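*Asks:* need a structure here:
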Amino acid sequence: MIGFDFSASRRDLQQVLIVDLLMPLVEATRSCVFDRTVFDEAYERMETGLLAENV
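*Replies:* Next up is the predicted model:
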């Protein structure tokens, strides 16, 4: 689980990967073909959100 124990918005890591990484990849490329540039952008955005001290 991701989020603080007292948070009402805790999410499964699997859900985070699908919603915040995989879906943007497919939407950007309009296919399931791997595009490294699009992946790097989506991963950086997701990683920044996961490491943020304040939301």
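*Asks:* ok, Val26 to Ala52 distance?
*Replies:* Distance of Val26 to Ala52, given as C-beta to C-beta, to the nearest Å: 24 Å. Placement of C-beta: from N, CA and C, glycine included.
*Asks:* of the two, which one has the most company?
*Replies:* Val26 (12 against 8; other C-beta atoms under 10 Å).
*Asks:* what about Asp40, distance to Val26?
*Replies:* 16 Å.
*Asks:* excluding chain neighbours, what is closest to the residue minimising distance to the centre of the chain?
*Replies:* The C-alpha lying nearest the average C-alpha coordinate of the chain belongs to Asp20 (C-alpha atoms, centre = their mean; 2.7 Å). Leaving aside its sequence neighbours, Asp20 sits nearest to Met46 (C-beta to C-beta, 6 or more residues apart in numbering; 4.5 Å).
*Asks:* double-check the residue nearest to the centre of the chain against Gly49; I have them as touching.
*Replies:* Yes - at 7.0 Å, Asp20 counts as touching Gly49 under the criterion of C-beta atoms under 8 Å.
*Asks:* so who does Leu21 touch?
*Replies:* By C-beta atoms under 8 Å, 6 or more residues apart in numbering, the contact list for Leu21 reads Ala42, Tyr43, Met46.
*Asks:* and stretch 29-40, end to end?
*Replies:* 13 Å (C-alpha to C-alpha, to the nearest Å).
*Asks:* about what we covered before: buried subset of the contacts of Leu21 as a ChimeraX selection?
*Replies:* Here is the ChimeraX selection string for the buried members of these, based on 16 or more other C-beta atoms under 10 Å:
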select :42,46
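*Asks:* return the member of the contacts of Leu21 nearest to Leu13.
*Replies:* Comparing the contacts of Leu21 against Leu13 with C-beta to C-beta picks out Met46 as the nearest, at 10.9 Å.
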